[in-house]
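Enquirer: Predicted model follows, preceded by the sequence.
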Protein chains: 2
Amino acid sequence: MHIAKDHDVRKAEFLDTAMSLFIERGYDDTSVNAIIEAVGVSKGAFYHYFRTKEELLDELAARAGEQAMAIVEPIVSEPGVPAVDKMNAMFARTNAFKAQNRELMLTLARVFYSDRNALLRSRMTRRSVELTAPALARIIEQGNREGTMAVGHPTQTAQMILEFGATVVAGFAQRLDEIDRDPAVGDELILSMRVYTESVERILGVAAGSLTLVDDSIVRIVRGYTTESNGGADDRS
Amino acid sequence: MHIAKDHDVRKAEFLDTAMSLFIERGYDDTSVNAIIEAVGVSKGAFYHYFRTKEELLDELAARAGEQAMAIVEPIVSEPGVPAVDKMNAMFARTNAFKAQNRELMLTLARVFYSDRNALLRSRMTRRSVELTAPALARIIEQGNREGTMAVGHPTQTAQMILEFGATVVAGFAQRLDEIDRDPAVGDELILSMRVYTESVERILGVAAGSLTLVDDSIVRIVRGYTTESNGGADDRS
DNA sequence: AGGTAGGTACCGACCATCGGTATGTAATGT
DNA sequence: ACATTACATACCGATGGTCGGTACCTACCT
């Protein structure tokens, strides 16, 4: 009756559906029963692939880390590119994706960064930082050699900047909803992103204004948050 | 038979016992049954004071924020003290407490910052940051006026520094256990705390070496972590 | 002074659901 | 053929939360 699928395929199926359910309802509020129901299998199937629900969470975190690494790696390895440009590229890559999937990112951000998902987020960012930090460290070392950066401890600093960024983004996302009640919050958020960029610039000892960690697309997301149809942009560069 | 206690007294009793149980075993792993057993009351009593287990968590977070504020407030209001000194005092106050209760802090840190308590931590730090940030912002503004600091947006920066600090401390605590397996991790952690201090100095535009956000007592905690009896200190200032 | 109405503080049995286990069985590879 | 994989199903203790009831204090009416 039941068709046996390939091991990795079924496992991916579990991971995918679990991920979207976690995003929807949060890790704690998504039961194993809900997962197996969505996949259309039995409990035994679930515990055949994962020893515990938490192990599934860890595998999700690991996958996220690998994906983050896959994006970052080619940028770092590119020869002949200045360190500052590499940093900008590294952050711009994720920004571009976010801008393209505006609707997705908004709902995703609101739920992923809601503190109902504190554990999920904690695990995923940690893995991502762990795997991405060495790459950023190499960029910083390159910047030191080029004389555009002045950082005493690249490895520690890289880790800190990434953790720092994750924290800032989390705070950012958690306040998105407030914009509805008070549009001024939107300006505050945009300001905080600029302060973040400036802070990183100072930490790296890089020239002011040379980094663009958060580009205009993010600003446009915030701007267009309340009203779906955003008319003329009232930007003041 | 049963003596009726005053409302606030009983509520505080719930909060206190719940807090110590959360610290001991984590939020998720502490059942409502465990709490009422420790307090010595029935299930009905608990749900008479709190609508859900999570509401109790929120009230704990609120209390923590107020306590943090109570420590910071008098330091900020003190007249005639340079901003840099105030910042050092603000951080030293908590450090001193930590050093005195070394044993307590270690167990507390290991559990509080273990990601089993991601939710608890997330709520508490958020409240603390929210309440403490304005005070730090005032210090930064004072530093700007004195010419010892150069910060464009004190409010946002204050918030960021505190969130940043919480993140760093969390990462710090989560790696404490690794020292047992690899003593070199201890050096890494101490280094990361120094990098944190230097980063904040740069963000504030303050003279290098003028901040002491993490004093030697913390270093001594890490040093004495593996062996209980710490003989001669092999410090290299 | 005595009755009683109403609110607060609490009890304890009960419930659906949770994560996880035990055991069985059909399909598949060798 | 036989072991291993890939599930299914029934079941477990524990959990967060509900609910109907009760003891007790206070206030007011007569």
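Expert: Looks like it came in fine.

Enquirer: of all of chain A, which residue lies closest to DNA strand C?
Expert: residue A:31 (3.1 Å; CB to the nearest atom of the strand). C-betas here are computed from N, CA, C, even on glycine.

Enquirer: got the contact list for that residue?
Expert: By CB atoms under 8 Å, 6 or more residues apart in numbering or on different chains, the contact list for residue A:31 is empty.

Enquirer: Repeat that for residue A:194.
Expert: Taking CB under 8 Å, 6+ apart as the test, what residue A:194 contacts is A:214, B:153.

Enquirer: Flag every buried residue along the helix or strand encompassing it.
Expert: Using DSSP states H and E, residue A:194 falls within helix A:184-204. By 16 or more other CB atoms under 10 Å in any protein chain shown, the buried positions in helix A:184-204 come out as A:185-186, A:188-190, A:192-204.

Enquirer: do the helix ranked longest in chain A and DNA strand D meet?
Expert: Counting residues, the longest helix found in chain A (DSSP state H) is helix A:118-146. No: using CB under 7 Å from any atom of the strand, helix A:118-146 never reaches DNA strand D; the gap is at least 15.0 Å.

Enquirer: C-terminal to that helix, what's the next element?
Expert: Toward the C-terminal end, the helix or strand that comes next after helix A:118-146 (DSSP H and E) is helix A:154-174.

Enquirer: Is that following helix positioned near chain B?
Expert: Yes: Helix A:154-174 is in contact with chain B by CB under 8 Å from any CB of the partner chain, via A:156-157, A:159-160, A:163-164, A:166-168, A:171.

Enquirer: what about that helix, distance to the chain center?
Expert: With CA atoms, centre = their mean, to the nearest Å as the basis, helix A:154-174 stands 10 Å off its chain's centre.

Enquirer: What's the first helix or strand after the helix holding residue A:194?
Expert: The element immediately downstream of helix A:184-204 (helix or strand, assigned by DSSP H and E) is helix A:216-223.

Enquirer: ok, and for that following helix, which residues are buried?
Expert: A:217-219, A:221-223.

Enquirer: Can you pull out the low-pLDDT segments for chain A?
Expert: Applying pLDDT under 70 to chain A flags residues A:1-5, A:94-104, A:224-237.

Enquirer: Any idea which residue of it lies closest to DNA strand D?
Expert: In chain A, the residue that lies nearest DNA strand D is residue A:44 (2.1 Å; CB to the nearest atom of the strand).

Enquirer: how far away is that residue from residue B:106?
Expert: 42 Å (CB to CB, to the nearest Å).

Enquirer: For these two, work out which one has more neighbours and name it.
Expert: residue B:106 (17 against 8; other CB atoms under 10 Å in any protein chain shown).

Enquirer: what separates that one from residue B:117, distance-wise?
Expert: For residue B:106 relative to residue B:117 (CB to CB), the value is 15 Å.

Enquirer: Also residue A:36?
Expert: Distance of residue A:36 to residue B:117, given as CB to CB: 28 Å.

Enquirer: Which one's more surrounded, these two?
Expert: Using other CB under 10 Å as the criterion, residue A:36 and residue B:117 rank with residue B:117 on top: 23 against 19.

Enquirer: Just give the nearest non-adjacent residue to residue A:17, would you?
Expert: Once flanking residues are discounted, residue A:17 sits nearest to residue A:38: 4.7 Å by CB to CB, 6 or more residues apart in numbering or on different chains.

Enquirer: Make sure that neighbour is actually in contact with residue A:19.
Expert: No: the pair residue A:38 / residue A:19 is not scored as a contact, 11.0 Å apart, by CB atoms under 8 Å.

Enquirer: Which strands or helices does the host helix or strand of residue A:69 pack on?
Expert: For residue A:69, the host element (DSSP H and E) is helix A:53-77. Counting contacts by 3 or more CB pairs under 8 Å, 6 or more residues apart in numbering or on different chains; DSSP states H and E, helix A:53-77 packs against helix A:7-25, helix A:83-100, helix A:118-146.

Enquirer: which one of these has the most crowded surroundings?
Expert: Ranked by mean neighbour count under mean count of other CB atoms under 10 Å in any protein chain shown, the helices and strands packed on helix A:53-77 are led by helix A:118-146, which reaches a mean of 20.

Enquirer: quick check: angle from it to helix B:118-146?
Expert: 40 degrees (axes from the mean of the first three to the mean of the last three CA atoms, to 10 degrees).

Enquirer: Give me the distance from stretch A:169-183 to the chain's centre.
Expert: Centroid separation for stretch A:169-183 versus its chain: 17 Å, with CA atoms, centre = their mean.

Enquirer: Do me a favour and get the end-to-end distance for that stretch?
Expert: End-to-end distance of stretch A:169-183 (CA to CA, to the nearest Å): 19 Å.

Enquirer: Report the buried residues of it.
Expert: By 16+ other CB under 10 Å, the buried positions in stretch A:169-183 come out as A:169-174, A:176, A:179.

Enquirer: how's chain A carved up into domains?
Expert: Annotated domains of chain A cover A:7-49, A:61-223 [automatic domain parsing].

Enquirer: Next one: the helix holding residue A:69, is it in contact with DNA strand C?
Expert: Yes: Helix A:53-77 reaches DNA strand C (CB under 7 Å from any atom of the strand) through A:53-54.

Enquirer: Give the buried residues for that helix.
Expert: Quick answer for helix A:53-77 (16+ other CB under 10 Å): A:53, A:56-57, A:59-65, A:68-69, A:72, A:75-76.
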